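Trainee: no FASTA, just this:
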């Protein structure tokens, strides 16, 4: 009797699991409602909110853009971003001295090469927190001195992101025409399941196999 042997993956006697991470996902959200920067107090709206929905995984990068920022004494400005899970980062704190900002679009990112200059113009900047401990009226959280966006990493992105703007001295006002968020995430790992039985099966010339 001649036999042949064959290995078949036919049963769940041996289990192996492996995991992989999908490519990073990128999302963009915006609020185009103008914000009025009042003299010596909180802006209107306070806060301005972007509701982030539909993201998966956890945050790896946040970029914030302020569109059409105008103010007659930017050193009065304190601008704080607060995430849905309560992390905070100051975008601007007492930067720009008394040099007018006129219709500037400012993008804040940890990838930027420059801090805000003495005369603020449109461009890409790292967040600037020159005076930690700024008084931010409720419902803003107390300023804890954070400016870097790494505080957002590892947290879910979905929920209300809040932008709090305060003018902290009398004599000057301004506006922001809108703002936006760019968020990158690492999706949660997806598990794949491999099922195999590596024992040989003997197949005779005639008859049933063993086993």
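Mentor: That came through fine. This is a predicted model, so every value here is computed, not measured.
Trainee: hey, what's the residue positioned nearest the centre of the chain bridged with?
Mentor: Nearest to the mean C-alpha position of the chain, by CA atoms, centre = their mean, lies residue 62 at 3.4 Å. In this entry, residue 62 is beta-bridged to residue 183, by DSSP bridges.
Trainee: what do you get for residue 160?
Mentor: Counting by DSSP bridges, the residues bridging with residue 160 are residue 51.
Trainee: and it, how far from residue 198?
Mentor: 53 Å (CB to CB, to the nearest Å). Every C-beta, even on glycine, is put in place using the N, C-alpha and C of the backbone.
Trainee: so which of these two has more stuff around it?
Mentor: In this view residue 160 and residue 198 are compared by other CB atoms under 10 Å, and residue 160 has more residues nearby, 12 against 9.
Trainee: residues contacting the more buried one?
Mentor: Contact partners of residue 160, counting by CB atoms under 8 Å, 6 or more residues apart in numbering, are 49-52, 84.
Trainee: and of these, the nearest to residue 184?
Mentor: residue 52 (12.4 Å; CB to CB).
Trainee: per-residue pLDDT, that closest one?
Mentor: pLDDT for residue 52: 98.
Trainee: same check, this time on residue 129
Mentor: Looking at residue 129, its pLDDT stands at 85.
Trainee: tally of neighbours for it?
Mentor: Residue 129 has 22 neighbouring residues, counting by other CB under 10 Å.
Trainee: ok, it touching residue 116?
Mentor: No. Applying CB atoms under 8 Å, one finds residue 129 not in contact with residue 116, separated by 10.4 Å.
Trainee: that older thread, JSON lines for the contacts of residue 160, including neighbour count and distance to residue 203?
Mentor: Formatted as JSON lines, the contacts of residue 160 follow (neighbours: other CB atoms under 10 Å; distance: CB to CB, whole Å):
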{"residue": "49", "neighbour count": "14", "distance to residue 203": "68"}
{"residue": "50", "neighbour count": "19", "distance to residue 203": "65"}
{"residue": "51", "neighbour count": "11", "distance to residue 203": "62"}
{"residue": "52", "neighbour count": "18", "distance to residue 203": "59"}
{"residue": "84", "neighbour count": "16", "distance to residue 203": "61"}
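Trainee: list just the nearest of these to residue 167.
Mentor: Using CB to CB, the contacts of residue 160 come closest to residue 167 at residue 49, 19.4 Å.
Trainee: quick one: contacts for that closest one?
Mentor: By CB under 8 Å, 6+ apart, residue 49 lies in contact with 31, 160-163.
Trainee: any idea how far it is from residue 150?
Mentor: Residue 49 is 23 Å from residue 150, by CB to CB.
Trainee: pretty sure residue 148 is touching residue 127, no?
Mentor: Yes. The criterion here is CB under 8 Å, and residue 148 meets it with residue 127 at 6.7 Å.
Trainee: picking up where we left off before, now, which of the contacts of residue 49 sits nearest residue 100?
Mentor: residue 163 (21.4 Å).
Trainee: where does the chain have low pLDDT?
Mentor: For the chain, the stretches with pLDDT under 70 are 1-23, 188-195.
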